[in-house]
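Student: How does the following fold in three dimensions:
(2 chains)
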Amino acid sequence: MKVFVLNCGSSSLKYKLYDMTDESVLADGKVERIGQEDAVVTHQSIGKDEVNKTMPILEHTVAIQECLKLLVDKEYGVIKSADEIGAVGHRVVHGGESFSDSVVINSETKRILESIIDLAPLHNPANLAGIRAAEKLMPGTPQVAVFDTAFHSTMPKHAYLYATPYVIYQRHKVRRYGFHGTSHKYIVDRVASLMNKNISDIKIISCHLGNGASLAAIAGGSSVDTSMGFTPLEGLMMGTRSGDIDPGALSYIMEKEDLTMADLNSMLNKHSGLYGIAGASDMRDIEKGVAEGGAMHKIAFDIYEYRIRKYIGAYMAAMNGVDAIAFTAGIGENTPSLRTRICQNLSFLGITIDETANQQKGQEIEISTSDSRVRVFIVPTDEEVMIARDTAALVK
Amino acid sequence: METRRIAILGSGRLGRGIAENAASKGYEVILFSQGAGSQDAPHKIEQSLSRKLAKWSLTESEKRVILSRISYTSDLKELANVDLLIEATIDHFYTKQELLRTADRLCQPNVVFILTSATLCVSAIARGISRSDLLVGVHFIPPVPNVPLVELSHSEDTSEEAIKVAEHFVAKLGKSIVYLQESAGLINPRALVTLINEGAYMVDEGVADIPSVEKVLKESWTMDQGPFEMADRMGLDTILHWMEQLQDAFGDRYAPAPLIRRFVRTGRLGVKSNVGFFAYTQDGLIDRTWQEQED
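Tutor: Below you'll find the predicted structure:
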């Protein structure tokens, strides 16, 4: 079966076409600047030239239509007809409490997704737009939703409840949901395989460090805690997000800076994190700044590293131990200096790393030495293949 | 027909506010203006977005994208290529009707017209244009990007389809709709004018000075702006004009306070002339250092 995996953002989308007989990627691509006259389409089928097109693409239906055209294109495509696509797998950011696993999309699924849009107002509308567009363009092809939150549905109540009045949870479902679940699930599968252990026997801390970043404590294959919360704002310092902050400081900031709630929300999500401290949201720029002696770059790097380490400590306590720590996503896979610093500062655990291995970027590799008491890995994440797997399994 | 490109006639505070709001929600906006001061519109929209940037509610790149979606022209021929028209000029019956007649000739026949008037009824304006079934009254309240609702009214001739187009547009701007019967002054302008007028009478009668009246009304009702600052931002000439129209419609209970007539007569029009009830800096902020000169 061929599975088309779609990850729709508000102004961009990424896609991959898989042949699930061997999980090979037949084609992948992306559309950026959706909604603009100069949207950019990038597509590559396996073994063929890359296509780059700039054209007006004003909404998701047209964007997906362009992707499908390229997939069936005689010169650049890889299938003869869109009918060859057996199912479409959609990444959906928030499933709320309604979805603890991936589902085949029907009208009820969409109704529930509509009803929980408030939980992820920046992401779920775009995910829904992608679902509707794909349904319109491929009527009759099964569509599957794979949720970022689903993997964390195993968290115990003491981990997911906030200590607010309980009625707030009952009335509005305000609780920790966690995100990056598809990625954390992939990581734990890979780490178990690399350790040659049964997944149910190991405790892992998965560090997904991209522009958004979260840690997950995974015991016996189940998420027991994660650093993102009700929204993807909680937890670690991120590219432009603040991560944890005293809620008491928020009303103080609003008063002193004469901010509305929307202003504050935007400040914490788009103007904080690495960017807020050092004026650069990209870890490569931060590293460069540190190397050049930039004081604020150093502070930003220090906060970033410290917060990850603090959460690792917390999750070891949460699981009463840890067997492996894995780094993934853009920053996690490609920042040796960050991994070195974190591991050096966890020497009390008996962690030692092989600096030669640690210099690898974006490769699946163990970076701890053979005598390290906790094993440490770099595992490039692959959320798309997880979405494709769930999709294929559900529509079989 | 999907609405993508919208025309806004009038680049005053209301037109600029709708333009900024619509562009920030992804619409391509053509802002038409012909009057004096129209060349300030790009600068004022940029200034408004810069204030939001300073308050962290926007990023630099978001600001650039919003600005790139707004174009400015005085050439009405460009109306031939728009999907929706919003009329946002001064509430003067003949000016509006004449402008809409011209637009009626130039726009595609299925384009819905939105009338933003505070004091003129849809039915009255609709009589002068051929597409009376496509005219919907939507009253946007300044500052448009911040106010989360509009007042919607329509005539008996207005089609369901036209109302749906207006509703969809308003929803995409992130606003809710309050539906009203056609009535001069709707809810917001009528109540606002009353409050401003009553405040001005209090000052005229020596009950309290301008800052005191403003402070009591603003703080006791936890308003973001008091009625005098609101009046200054709307323009005292606009407020006076509304009062006169409401006086025509409802009688002397809307008779403008002498203070407001005096301010308008002496050119104290509010933010646009840098002084009204209060004085304003070039950035449009209240100038707290300003002292009123004794006559």
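
Student: use CA for all of it now, contacts and neighbours both
Tutor: Noted.

Student: Mind jotting down where the helices sit in chain B?
Tutor: B:13-24, B:41-54, B:60-68, B:93-106, B:122-126, B:160-172, B:188-204, B:210-220, B:227-234, B:236-250, B:258-265 (DSSP state H).

Student: so where's the stretch 1-150 of chain B shaky on pLDDT?
Tutor: Applying pLDDT under 70 to the stretch 1-150 of chain B flags residues B:1, B:36-38.

Student: what helix or strand does the residue of chain A at minimum distance from chain B sit in?
Tutor: Using CA to the nearest CA, residue A:263 is the residue of chain A that sits closest to chain B, at 4.3 Å. Secondary structure assignment for residue A:263, by DSSP states H and E: helix A:261-270.

Student: Correct me if wrong: the residue of chain A closest to chain B contacts residue B:54.
Tutor: No - with contact defined as CA atoms under 8 Å, residue A:263 does not count as touching residue B:54 (9.6 Å).

Student: With neighbour numbers in mind, choose between these two.
Tutor: Just comparing residue A:263 and residue B:54: by other CA atoms under 10 Å in any protein chain shown the higher neighbour count belongs to residue A:263, 20 against 12.

Student: Measure how buried the nearest residue to that one once chain neighbours are set aside is and give me the count.
Tutor: Spatial nearest neighbour of residue A:263, excluding adjacent residues (CA to CA, 6 or more residues apart in numbering or on different chains): residue B:57 at 4.3 Å. Neighbour count for residue B:57, taken as other CA under 10 Å: 24.

Student: surely residue B:57 meets residue A:269?
Tutor: No - contact criterion CA under 8 Å: residue B:57 and residue A:269 do not qualify, at 9.8 Å.

Student: Spell out which residues sit in contact with the nearest residue to residue A:61 once chain neighbours are set aside, please.
Tutor: In this structure, residue A:61 finds its nearest non-sequential neighbour in residue A:133, 4.5 Å apart by CA to CA, 6+ apart. Going by CA atoms under 8 Å, 6 or more residues apart in numbering or on different chains, residue A:133 touches A:60, A:61, A:64.

Student: what about residue A:133, which helix or strand?
Tutor: For residue A:133, the element it lies in under DSSP H and E is helix A:124-137.

Student: Show me which residues of that helix are buried.
Tutor: Residues of helix A:124-137 classed as buried: A:124-135, A:137 (neighbour count, 16 or more other CA atoms under 10 Å in any protein chain shown).

Student: Nearest to chain A within chain B, name that residue for me.
Tutor: Across chain B, no residue is closer to chain A than residue B:57, which sits at 4.3 Å (CA to the nearest CA).

Student: any idea how far the most centrally placed residue in chain A is from residue A:231?
Tutor: Nearest residue to the geometric centre of chain A (CA atoms, centre = their mean): residue A:180, 3.7 Å. Going from residue A:180 to residue A:231 by CA to CA, to the nearest Å gives 12 Å.

Student: quick one: residue A:218 is in a helix?
Tutor: No - counting by DSSP: H, G, I helix; E, B strand; the rest coil, residue A:218 is not found in a helix; it is strand.

Student: Bridged to the closest residue to it other than its chain neighbours, which residues?
Tutor: What sits nearest to residue A:218 in space, not counting adjacent residues and going by CA to CA, 6+ apart, is residue A:204, at 5.1 Å. Listed by DSSP bridges, the beta-bridge partners for residue A:204 are residue A:218, residue A:324.

Student: Close to chain A: what parts of chain B are there?
Tutor: B:26, B:55, B:56, B:57, B:58, B:59 (CA under 8 Å from any CA of the partner chain).

Student: in terms of contact, does the second one touch residue A:263 like I think?
Tutor: Yes - between residue B:55 and residue A:263 there is a contact under CA under 8 Å: 6.1 Å.

Student: Report the contact partners of residue A:33.
Tutor: By CA under 8 Å, 6+ apart, the neighbours of residue A:33 are A:11, A:12, A:39, A:40, A:57.

Student: how does it look with 6 Å?
Tutor: Residue A:33 makes contact with A:11, A:12, A:39, according to CA atoms under 6 Å, 6 or more residues apart in numbering or on different chains.

Student: And the pLDDT at it?
Tutor: pLDDT, residue A:33: 85.

Student: Please report the distance of it from residue B:26.
Tutor: On the measure of CA to CA, residue A:33 and residue B:26 end up 11 Å apart.

Student: Figure out how far the host helix or strand of residue A:254 is from the centre of its chain.
Tutor: Element membership for residue A:254 (DSSP H and E) is helix A:247-257. What separates the centre of helix A:247-257 from the centre of its chain is 30 Å, taken as CA atoms, centre = their mean, to the nearest Å.

Student: So what does the nearest residue to the residue nearest to the centre of chain A once chain neighbours are set aside have for phi and psi?
Tutor: Nearest residue to residue A:180, sequence neighbours excluded (CA to CA, 6+ apart): residue A:148, at 5.2 Å. With angles defined as degrees, to the nearest 10, residue A:148 sits at phi -70, psi -30.

Student: Kindly report the residues of the stretch 201-350 of chain A close to chain B.
Tutor: A:263, A:266, A:267 (CA under 6 Å from any CA of the partner chain).

Student: I'd like these as CSV, with pLDDT appended.
Tutor: CSV is the format used below for these (pLDDT from 0 to 100):
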residue, pLDDT
A:263, 93
A:266, 91
A:267, 95
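
Student: for those, which one is nearest residue A:175?
Tutor: residue A:266 (21.1 Å; CA to CA).
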